[in-house]
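*Asks:* Okay, structure incoming, though there's no sequence with it:
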């Protein structure tokens, strides 16, 4: 079930974000992701509209949108490839006429996922936080 984020979801969402970030971004040191936990907790999650995917009373994924930007889409590593990310993205797309996102160029599975959902790459840029290349992608309804 997809529902709005509640304060009680904060720690499970942060746990999913950290574990999935470390897994998906093997090219970036895990310490970087750990160093970003406070910013996620205090800045990014409170500033975005977030929805969670709950299964059997447990949050197993989440999606955050800020204006027309898909700021986050993460699924618990043990539940990936169950269609949860696709459902969360469809939920976000249903409330927007356009969405833009950035994804690390080295994260080829994520790029393919977004392309399959109708996103197209606009350009490539350097991420100021990590120094890694990222693709800017956009979807239009």
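*Replies:* Received the coordinates, thanks. Source: prediction; values computed, not measured.

*Asks:* How far does the longest helix seen in the chain sit from its chain's centre?
*Replies:* Secondary structure of the chain per DSSP state H: the longest helix is helix 10-24. Centroid separation for helix 10-24 versus its chain: 10 Å, with CA atoms, centre = their mean, to the nearest Å.

*Asks:* what residues are up against residue 136?
*Replies:* Contact analysis of residue 136 by CB atoms under 8 Å, 6 or more residues apart in numbering lists 100, 101, 102, 121, 122, 123, 124, 125. Yep, even glycine has a C-beta here, placed from its N, CA and C like the rest.

*Asks:* Give me the local confidence score for the third one.
*Replies:* By that I understand residue 102. pLDDT, residue 102: 97.

*Asks:* Buried residues in stretch 126-133, which are they?
*Replies:* Using 16 or more other CB atoms under 10 Å as the burial criterion, none of the residues of stretch 126-133 qualify.

*Asks:* Which parts of this protein are strands?
*Replies:* In the chain, the strands defined using DSSP state E lie at 2-4, 49-55, 58-66, 69-75, 98-104, 120-126, 133-140.

*Asks:* Please convert those to TSV, extending it with distance to residue 82.
*Replies:* Output for the strands of the chain, formatted as TSV (distance: least, CB to CB, whole Å):
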stretch	distance to residue 82
strand 2-4	14
strand 49-55	9
strand 58-66	8
strand 69-75	8
strand 98-104	20
strand 120-126	26
strand 133-140	22
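
*Asks:* hang on, the earlier thing: now the contacts of residue 136: which count as buried?
*Replies:* Buried subset of the contacts of residue 136 (neighbour count, 16+ other CB under 10 Å): 100, 101.

*Asks:* now, which of the contacts of residue 136 sits nearest residue 81?
*Replies:* Closest approach between these and residue 81, by CB to CB: residue 101, at 19.8 Å.

*Asks:* Could I get the contacting residues of residue 103?
*Replies:* Going by CB under 8 Å, 6+ apart, residue 103 touches 110, 111, 114, 134, 135, 137.

*Asks:* Lovely, talk soon.
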